[in-house]
Structure formats: C-alpha cells, structure tokens
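1. Test case, fold it:
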Amino acid sequence: MFWLLFCIFFAACLGAGVTGGLFAPGPWYRALTKPWFTPPDWVFPVTWMVLYICIAVAGARIAMLQGNGVAMAFWALQIALNGLWTPVFFGLKNIRLGMAVVSVLWLSVLSGLLAMWQIDVISGLLFVPYLIWVSIAAALNAGVWRLNPDVARNPPPAPS
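-> Numbering: from 1, shown residues only. Below is the predicted model of the structure:
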C-alpha cells in the first residue's frame, strides 16, 4: 500500500514540478539583477527532485495513518501552491505576486510540517529540507524584488 501511495504523491509532485519546464526562466529572468546567494541553475532541478521524493514519502506515510485530515489538507495546499509559483513568477513575470504565492507556500509547508510532526515525526522531518528550500526561494524572490523595483512595479505584459 505504501508504494502505491508513494507513486500517487510523487505523481502530484511531478505535476507541480513540470511547471518548471513549461515556464522556464528565459531571457527575462537572466536579465534581472539577482541576490549574491543565487544558486547556479543546475542546483534547482537536482534539489527539487530530492525534495519531491521527501514530500511524496511524507505524504504516503501520513496518508496511511489515522487522524491525518489536517496534515493531508496542508499537503494538498502546499503542492498546489508549489505548482503555482513558477507560472506566476516566470510565466506572468510578476515578481510581487510571486512573493505573495511563495509566502503562502512557506506558511503551508510550515503548517504541514507541524501537522505531520504530531502524527509521524519522520514525515515532519522529511518536510524540514523543504521548508529550508522554500525559505531560500522566498529570500531569492524578495531579493529580486528589492534589486529590480521597476520591473516588480511594472511587469511585462502577459503573453497572449
């Protein structure tokens, strides 16, 4: 049963992750001034693959336990927001709205971590690296906003 659940949760993670391919950073992002701590491009897919495995394992473990309703709700919320950030930031090129999405994502990951921790410590621990990475993503988003105030105030028109 665990492996079936893992595959379902991992598919949800990959569904969120595919937005990275659909809305690649491109020339617009490369032209922005970025914070000094911006990781090299290759770090992102490697990190996300490891995190998606952790997120899926945590989801599968929690799904098999009693009293999992709140934890499962936060799991669903975080994966939806995870899949939303890339189209907002890279697709719409909207830095400020991206900051709003990543902020709510951060809160949902923290809330999910705390809800899971109460049911299964291992699942909660599996969300710790995710919370760290989303914290870095939020700091990057905030840094791009701070370093590119004109672009943040006036995002380019959305593609038609």
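2. what's the offset of the helix or strand encompassing Arg96 from the middle of its chain?
-> Assignment of secondary structure by DSSP states H and E places Arg96 within helix 95-119. Distance of helix 95-119 from the chain centroid (C-alpha atoms, centre = their mean, to the nearest Å) equals 9 Å.
3. Which residues are in contact with the residue nearest the centre of the chain?
-> Centroid-nearest residue in the chain: Asn82, 3.6 Å away (criterion: C-alpha atoms, centre = their mean). By C-beta atoms under 8 Å, 6 or more residues apart in numbering, the contact set of Asn82 is 13, 16-17, 105. C-beta: built from backbone N, CA, C; applies to glycine.
4. Then Thr33?
-> Applying C-beta under 8 Å, 6+ apart, the residues near Thr33 are 144, 147-148.
5. Go again with 6 Å.
-> Counting by C-beta atoms under 6 Å, 6 or more residues apart in numbering, Thr33 touches 147-148.
6. And it, how close does it get to Arg61?
-> 41 Å (C-beta to C-beta, to the nearest Å).
7. ok, now Leu22?
-> The value you get for Leu22 to Arg61, if C-beta to C-beta is used, is 30 Å.
8. swap in Arg30?
-> With C-beta to C-beta as the criterion, Arg30 and Arg61 are 39 Å apart.
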